[in-house]
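Colleague: Show me how the following folds:
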Amino acid sequence: MLDLELLRSFVSVVDAGGFTRAGERVHRTQSTVSQQIKRLEDDLGQPLLNRNGKDVTPTEAGERLLSYARRLLSLAEEARDVVARPESEGAIKLGIPEDFAAYRLAKLLATFSRSRPGLRLDVRADQSTYLRRDIERGELDLALLKRDAGEKGAIAVWPEQVHWVTSKTHPVDIDAGSVPLIGFPAGCLYRSRAIHALESAGRSWHMAYTSSGLAGIQAAVAAGLGLSILSDIAIQAGHRVLTAKDGFASIDKTELALVASPDASPATLRLADRLAEFCDSVDAKAA
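Modeller: Residues are numbered from 1 along each chain as shown. Okay, the predicted model is just below:
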């Protein structure tokens, strides 16, 4: 019989891409996590991880085990919740940025909601400026939000790589006067970053397309309506990244932060753990 704690450590190491960060996620020391992986490998009689310095990737056997491990852990979590939860667990008000892995994140939230039918999940996608304001006001219990890198106060943070992008098939003529910008409405961190970068470089600009939804921004860039700033996970096949060689310097660093209210409920903290695991997975794949 497979030990669930060993499987949890194995999944955390794969998602985090290393033992140190995995240890933080499962609240174990690096050496303890390493010993747990060794026990699991001994139990199964096969190496599960390739260790190359600080980089850790699953072996072929590890990749086969990974999906089963996730399913077993999910079922165990669901069984524990069904037995332990009261008839009504109240509500969790969650804020998320619209441009962060929306489809996959929605699937995670749906799975979490189904596992806790006594809990009402109230999710709002909005600009990080408003998410930060509302969690400070106590109007949200939990939020994933974009912010300047290095700020204090969060359960966990993940650095973001953001880039200038234009259309691959209809690139904007960046030397033809005012730079046409595509972005979210005023208040968006990326929009502020773009304007600041252009003005610091002495370039004139104008808003060519404003959308409150990521899909609209992605489509406008691909069509050649202007330039925008997008994170790694939001860049599509129809986009081309602009670099310093094109006259566009790198953007000041930003990060994705998971922030909870001071009086977060146990159910809220449980959801925070699931979101942190999800973000670890997305961050590892982006790297």
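Colleague: alpha carbons only for contacts and neighbour counts from here, please
Modeller: OK.
Colleague: Residues contacting the helix or strand that contains residue 230, please?
Modeller: Using DSSP states H and E, the element containing residue 230 is strand 228-231. With Cα atoms under 8 Å, 6 or more residues apart in numbering as the contact definition, strand 228-231 has outside contacts at 160-166, 181-183, 190-191, 194, 217, 221.
Colleague: Give me the subset of these lying in strands.
Modeller: If you go by DSSP state E, the contacts of strand 228-231 have 160, 162-166, 181-183 in strands.
Colleague: And these, which two are furthest apart?
Modeller: 160 and 181 (20.6 Å; Cα to Cα).
Colleague: For the stretch 1-150 of the chain, just list every one of the helices.
Modeller: Assigned by DSSP state H, counting those that start in this stretch, the stretch 1-150 of the chain shows helices spanning 4-16, 19-26, 30-44, 60-84, 102-115, 128-136.
Colleague: Which among those is found nearest to residue 236?
Modeller: helix 102-115 (14.2 Å).
Colleague: Domains of this structure: list them as residue ranges, please.
Modeller: Taking the TED database as the domain assignment, the ranges for the chain are 4-84, 92-286.
Colleague: how far is the longest one from where the chain is centred?
Modeller: Okay, so that is domain 92-286. 9 Å (Cα atoms, centre = their mean, to the nearest Å).
Colleague: coming back round to it: format the domains of the chain as TSV; extra columns: mean neighbour count and mean pLDDT.
Modeller: Output for the domains of the chain, formatted as TSV (neighbours: other Cα atoms under 10 Å; pLDDT from 0 to 100):
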stretch	mean neighbour count	mean pLDDT
domain 4-84	17	84
domain 92-286	17	89
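Colleague: if we can go back for a sec, what is the nearest of the contacts of strand 228-231 to residue 255?
Modeller: Using Cα to Cα, the contacts of strand 228-231 come closest to residue 255 at residue 160, 4.9 Å.
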